[in-house]
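Novice: what follows is a predicted protein model with its sequence.
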Amino acid sequence: MSMFQADKVSKQQTAFLRKLYLAHLIDDSQHNLLSLQKETGMPRRTLQDAIAAFGDIGIQVDFVQDGRRNNSGHYHIRTWGPINSAWVGTHLEQIRTLLFSDI
């Protein structure tokens, strides 16, 4: 059973699912904006906005510097807050399908 009907997903639901999906990717391996762009095909600005809004749903993220340059590094999920990361992992394919069904 699907958690959402693909033809009835609102913009707010899509934004929420995008945050969950990106948080999962960041938690699963070391990502920066470039690697997230390659992985998802999402525009850089969309990624920046979604990551900046993680706090709206209780997810805390840090950027870990790996070098001298400001953009050398990767994101790290400090805490998922009230979100159950295991649930996101279990429903990842459904989330991915809803986010990328129109591509």
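Specialist: Okay, I see it. Numbers count the residues shown, from 1 in each chain.
Novice: for the residue of the chain positioned farthest from its centre, which three-state class applies?
Specialist: Distance from the C-alpha centroid of the chain, by Cα atoms, centre = their mean, peaks at R68 (25.9 Å). Taken by DSSP: H, G, I helix; E, B strand; the rest coil, the conformation at R68 corresponds to coil.
Novice: L99 is in contact with L17, correct?
Specialist: Yes. Counting by Cβ atoms under 8 Å, L17 does reach L99; the two are 5.9 Å apart. Where C-beta positions appear, they are placed from N, C-alpha and C, glycine not excepted.
Novice: helices along this protein, start to end?
Specialist: 11-28, 33-40, 44-52, 85-90, 92-100 (DSSP state H).
Novice: check contacts around L99.
Specialist: Contacts for L99 (Cβ atoms under 8 Å, 6 or more residues apart in numbering) come out as T14, L17, R18, Y21.
Novice: looking at pLDDT only, which of these scores worst?
Specialist: Taking these together, the minimum pLDDT is found at T14 (93).
Novice: for the residue nearest the centre of the chain, which non-adjacent residue is closest in space?
Specialist: Centroid-nearest residue in the chain, with Cα atoms, centre = their mean: L22, separated by 1.3 Å. Excluding the flanking residues, the one nearest L22 by Cβ to Cβ, 6 or more residues apart in numbering is A50, at 5.4 Å.
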